[in-house]
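>>> What follows is a predicted structure for the sequence shown.
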Amino acid sequence: MHKIKQLQIRNYRSCQDTTITLENYTPLVGYNNAGKSNILKCIETLVRGKGQNGASFFNENKPLEIIALLEGLDEHSLSHLSSQQVTSLKPYIEDGSLMVRFFQQKPGTSTKSVEMGIQKPSEQGNGSWVNPNGLPQAITTLFPEPTFINSMEDSAEDVSKFKASNTIGKLIVHLQKEIVASKADEINSALNVVGKKLSLTGSERLNELGDFDLSINEKIEDFFPGLSLNIDIPTPNISDLFKQGTIKVSESGIQRQSDFIDMGHGSQRAIQMTLIRHLAETTKEVDKRGKTNILLIDEPELFLHPQAIELLRSSLKILSAQGYQVVFSTHSPYMIEQSDIPTTNIIRKNNKGTVVTTRLKEALEQTLNDNDSQARLLFDTYNLGQILFSDKVLIAEGATEKMVLPALFNSVTGKTLGEHKLALVIAEGVNNIPKMIEILNKMGIATKALADLDFAFTGAIKQNLIDRTDPSIESCLTIIENIQPTHNFKLKDRLPCKCKDFKASDIYELMAIESNAAIHINDIRKSMKNHSIWVWSKGAIEPHLCLSTKTNGEWLQYRQRLSMERVEDCVADLGEIREFFEWCIN
């Protein structure tokens, strides 16, 4: 199956200079007004090849340009083109790929306002664009008129009125083919009976039609002698009948049938997406014969409950494997499966207009080969909705942070994490944090992390975030050696290690209590902040919150206290907690 693999968009609405990579199934996520819908409209504009008015130009004094890289153009894909079109295109196709350009110098909707062109992919940015005869027709043959389903409007247009490009139209065409294959003779026989009664040459033409002809002809003689008029009602063919098809809605307990347009938004959307699901099922075994149908949907999950969204997602995935290239915008993590996350496009808007951040797929390729575990942790079910739909990410290492930080953040700042567009991600292992930061930064997502103090002496040193011979590290280890006889914990190569009565993290908390440790710990914290990692001055978060254990019971009690008491009474060190949250959101 061929597809549009990449788009370069210039001066189209909010897309001043935007590049995006597409797959057979491509989710677009981002905040409202970021430009997701404009990308969908841009794809439709390219395929239809129609001139655009001023509303589609970001700057009417500059040209509008859309450059697409097509992939998968094999003999099967080209079989629907005329021999002349194939001859014109083949010299520019390299390994099944072709560059296509939509260029419009100034606003206008005339047929001559658009210049279409093609180019070899290897000449991108250097070679000239050529416009062989029949190029627009070749494009519309390879990509038939796309189906575009908007988020809030045009549901009735898509479902209740037959068009070759809309959902009900595609379903009726499939239904028509099935019926014609088995019932054509029966239907044609019935139509012939109607034709005999209604058509001008019908052998059993109704007397009322003949009387109408006589009455009209008596009158026209007064105006124009010698002329005669006859009313002719042509017999419809099977295709004409099916084009009148529409959707009627029945509700249990109500006798009458309703038109689709009379239903509420929720019902309309559910019906619309049900038809798309049925389209997916009816096309499972259909041979698309070299054509790719483009399905563009703005927020398909609107008004649907989570289970319905998952069913819809499954249907769209089926279509994407059966001759459809599906591109959609979404605000729902239920529309994105684990396998789709690497190719999901995050859409943002800045002073340069709509931008598309680096996808996870490319971010992973740019990092080391041992990043699979970090990627899985980043995008498990909990973290998926957090990261893809947030501006900033805070990575924390454990259960305490997951249970306590959201409520504490709200109590201290007066706002939720979501209001600051800040996602909390749990790393489930502090040593994963640096690589996770690297991956997210490559995706253009501002990321900071939170770790216990012991990380600075272990994982941070192993990952070259701080030197083992750093004076502050050495000074802290000396303090630990000095207090070891008092507490009788174990050391290995000067570093604390787990023993019967102590975890290693407990020993760093004991060190942090010593008065001569504060200056060295502050130096370590500054070094870690340079790598976007916060470490606690008291060794861990629990001492700052007066938490003595790490259990669900204590976490739940603490959250209840935060909802009922002043935050000052729930926190041992409100100053550092405030400083931490300000660091997170700035």
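Arrived safely. Numbering: from 1, shown residues only.
>>> give me phi/psi at the nearest residue to residue 293 once chain neighbours are set aside?
With sequence-adjacent residues excluded and distances taken as CB to CB, 6 or more residues apart in numbering, residue 293 is closest to residue 324, at 4.9 Å. To be clear about C-beta, it is placed using only N, CA and C from the backbone, and glycine gets the same treatment. Dihedral angles of residue 324 (phi, psi; degrees, to the nearest 10) stand at phi -120, psi 140.
>>> name the element residue 478 belongs to?
Using DSSP states H and E, residue 478 sits within helix 471-487.
>>> for residue 450, same thing?
Going by DSSP H and E, residue 450 is in strand 446-451.
>>> what do you get for residue 557?
When the helices and strands are read off by DSSP H and E, the one containing residue 557 is helix 552-564.
>>> which secondary structure elements does that helix contact?
helix 399-413 (3 or more CB pairs under 8 Å, 6 or more residues apart in numbering; DSSP states H and E).
>>> For the stretch 1-150 of the chain, give me the ranges with low pLDDT.
Nowhere does the stretch 1-150 of the chain drop to pLDDT under 70.
>>> related to what we said a few turns ago, what sits against the residue nearest to residue 293?
24, 283, 292, 293, 294, 295 (CB atoms under 8 Å, 6 or more residues apart in numbering).
>>> What distance do you get for residue 278 to residue 15?
Between residue 278 and residue 15 the computed distance is 34 Å (CB to CB, to the nearest Å).
>>> who's more crowded, these two?
residue 15 (27 against 14; other CB atoms under 10 Å).
>>> Surely the more buried one touches residue 56?
No. In this structure, residue 15 is not within contact of residue 56 by CB atoms under 8 Å, at 10.1 Å.
>>> Just list what the host helix or strand of residue 436 packs against, helices and strands only.
For residue 436, the element it lies in under DSSP H and E is helix 433-442. If contacts are counted by 3+ CB pairs under 8 Å, 6+ apart, helix 433-442 sits against helix 360-365, helix 372-378, strand 392-396, strand 446-451, helix 459-462, strand 533-535.
>>> Mean pLDDT lowest where, among those?
Among the helices and strands packed on helix 433-442, helix 372-378 carries the lowest mean pLDDT, a mean of 68.
>>> I'd say residue 433 and residue 393 touch.
No. Using CB under 8 Å, residue 433 makes no contact with residue 393, being 11.1 Å away.
>>> neighbour count winner among those two?
residue 433 (29 against 25).
>>> Skipping its backbone neighbours, what lies nearest that one in space?
residue 449 (4.6 Å).
>>> In contact with the one you found, which residues are there?
So residue 449 contacts 394, 395, 396, 427, 433, 434, 436, 437, 532, 533, 534 (CB under 8 Å, 6+ apart).
>>> which SS state does residue 55 fall under?
helix (DSSP: H, G, I helix; E, B strand; the rest coil).
>>> care to break the chain down by domain?
3-161+265-347, 167-245 (automatic domain parsing).
>>> where exactly do the helices run in the stretch 1-150 of the chain?
36-48, 75-78, 83-89, 135-142 (DSSP state H, counting those that start in this stretch).
>>> So which of those helices is nearest residue 523?
Set against residue 523 and scored by CB to CB, these come closest in helix 36-48, at 45.4 Å.
>>> what angle do that closest one and helix 135-142 make?
110 degrees (axes from the mean of the first three to the mean of the last three CA atoms, to 10 degrees).
>>> quick one: contacts of helix 36-48?
In contact with helix 36-48 (CB under 8 Å, 6+ apart) are residues 4, 7, 9, 12-15, 18, 20, 28-30, 52, 56, 66, 68, 100, 102, 139-140, 143, 145-146, 148, 150-151, 294, 296-298, 327-329, 347, 354.
>>> Quick check: the residue nearest to residue 51 when sequence neighbours are not counted vs residue 475, distance?
Among residues not flanking residue 51 along the chain, residue 113 sits closest, at 3.5 Å (CB to CB, 6+ apart). Separation of residue 113 from residue 475 (CB to CB): 73 Å.
>>> before we move on, back to that, based on its surroundings, how many neighbours for the residue nearest to residue 51?
17.
>>> Same check on residue 313?
Going by other CB under 10 Å, the residues that sit close to residue 313 add up to 23.
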